[in-house]
Each structure stands twice: as structure tokens, then as C-alpha cells.
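Asker: Any chance you could fold what I've pasted below:
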Amino acid sequence: MALTTKPVEQSDLGRSRSGEGADGTRGDGDAVAARRETPETPETPRERVNRRWNEIMQETRVAQTGVQILFGFLLSVAFTSHFRSLGTFAHVVYVITVVLGASATASLIAPVSLHRFLSGQRMKDEMVEVAHRLMMCGMVLMALTIGCTLLLILHVVVPGLLSELLTGAVMLWFVLSWYALPLWLRRRAARRLEGEDAA
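Answerer: Down below sits the predicted model:
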């Protein structure tokens, strides 16, 4: 009897470590995710830095595609015949939009330059931190570029203050979906973890 009990206990222990119950099914998803973030996670500091860097690079590629398409469109607008007939307001908005688009492009491509100049210098921690800040700055600039582009187009198509109102509504949605929602989710997760620790 003793010989058959010991393997069963080891098997159960193995299941619990992998997030499975005694019946072989997966445990609660939140509990598994929480266990992955505990200090017992088999991820070294170097592996964590590399993972964060790879994630930033993947996110940057997505943002770069959008801002490059938008910036290319903006550059072509100035060479159209209709652009010359636009008023001073549209020209000012266009100049601001092009400057914002160029700045967003520079911020989102800057992590590539970081990697090229600092690769092999044992500065991956600093690279991750700086790339994160550049990514956040680039996202803000890209949102402003989109807003100004929308204002420029709507000002030509929609008469009166309706173009400003529509642009303001779209920018409000950008703020809510890009910034307010992630911050709210992060704070809610922090409060949940604090409640679990207190319990």
C-alpha cells in the first residue's frame, strides 16, 4: 500500500504546480495568471528584460505602420491642386499635422536606432526603459496627428463648428480607449491584488 501511495502524491503535486487540479483539469484562470507573476516564476531578470524588449518591438511595428501610412498621405496632400485653394486655417492645421506626424515617426523608429547603437553594450535595461518612454511619446504624437488630420479633412467637407465638434469627440475616444481604459484596468488589478493580500 505504501508503494502505491507515494507516486500518487507526486503526481498530484506535479498537477498543482502546472495549475491543474486533482482531476487533471485546469484551475481558475486568474489564479494561474497570478501564479505566473509570483517570484517562483522560472524567469530570470535577463529573460524578463528580453521579453519586454521583444514586446516593445512588436508594438512599435504596429504603430509604425499606421503613422507611416498617415504621414505618406499628408505629404501627398500639399501637391494637390485643391490644397492651394484652401484658406489660412487649413494651411496652419496642415503644417502642424505634418510636424506632429514627423515627430511621431521619429519617436516610434527611435528604438531601432537605440538597438543599433547600443546592441552588445550590456545596456538592455536602459534600452527597454528609454524605448518604453519613446513608445508612449510616439503614441501621444500619433493621436494628435490623427486628430489634426481629421480636423483638416472635416474642415473642408463639413461646414461650421461641426468639424471641431466631431474632431473633439473622436479625440475624446482616443483618450478613453488608449489611456484611460488601460490605467483603469491596471488600478483595478492593483486593488484586487491588495484585497487578496489582505485576506
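Asker: Doesn't Pro42 lie inside a strand?
Answerer: No. Applying DSSP: H, G, I helix; E, B strand; the rest coil, one finds Pro42 to be coil, outside a strand.
Asker: Neighbours of it, how many?
Answerer: 6 (other C-beta atoms under 10 Å). Using the backbone N, CA and C atoms, a C-beta is placed for each residue, glycine as well.
Asker: going forward, begin numbering at 168 instead of 1
Answerer: Yep, numbering from 168; the last one is Pro209 now.
Asker: For Leu343, give its distance to Pro349.
Answerer: Relative to Pro349, Leu343 is positioned 10 Å away (C-beta to C-beta, to the nearest Å).
Asker: nope, Val244 is what I meant
Answerer: Relative to Pro349, Val244 is positioned 32 Å away (criterion: C-beta to C-beta).
Asker: These two: which is more packed in?
Answerer: For the pair Val244 and Pro349, the greater number of neighbours falls to Val244 (17 against 10), based on other C-beta under 10 Å.
Asker: Leaving out sequence neighbours, find the closest residue to the residue most central in space within the chain.
Answerer: Nearest to the centroid of the C-alpha atoms of the chain, with distances taken as C-alpha atoms, centre = their mean, sits Glu226, at 5.9 Å. Excluding its sequence neighbours, the residue lying closest to Glu226 (C-beta to C-beta, 6 or more residues apart in numbering) is Met302, at 6.5 Å.
Asker: before we move on, what about Ala269?
Answerer: If the residues on either side of it in the chain are set aside, Ala269 comes closest to Phe238, at 6.9 Å by C-beta to C-beta, 6+ apart.
Asker: That neighbour: neighbour count?
Answerer: Applying other C-beta under 10 Å, we find 20 other residues in the vicinity of Phe238.
Asker: So it: helix, strand or coil?
Answerer: helix.
Asker: Flag every buried residue along stretch 293-303.
Answerer: Of the residues in stretch 293-303, those scored as buried under the neighbour-count criterion (16 or more other C-beta atoms under 10 Å) are Met294, Val295, Ala298, His299, Leu301, Met302.
Asker: Let me see the mean pLDDT of the host helix or strand of Arg300.
Answerer: Taking DSSP states H and E as the definition, Arg300 sits inside helix 291-324. Average pLDDT, helix 291-324: 91.
Asker: Stretch 328-345 too?
Answerer: If you average the per-residue pLDDT over stretch 328-345, you get 93.
Asker: chain center to that stretch, what's the gap?
Answerer: Shown here is stretch 328-345, whose average C-alpha point lies 20 Å from the average C-alpha point of the whole chain (C-alpha atoms, centre = their mean, to the nearest Å).
Asker: how about it: buried residues?
Answerer: Across stretch 328-345, burial judged by 16+ other C-beta under 10 Å covers Ser330, Thr334, Met338, Phe341.
Asker: Greatest separation within those: which pair is it?
Answerer: In those, the most distant members under the criterion C-beta to C-beta are Ser330 and Phe341, with 16.6 Å between them.
Asker: Any idea how many residues pack against Glu363?
Answerer: The tally of other residues near Glu363 (other C-beta under 10 Å) stands at 11.
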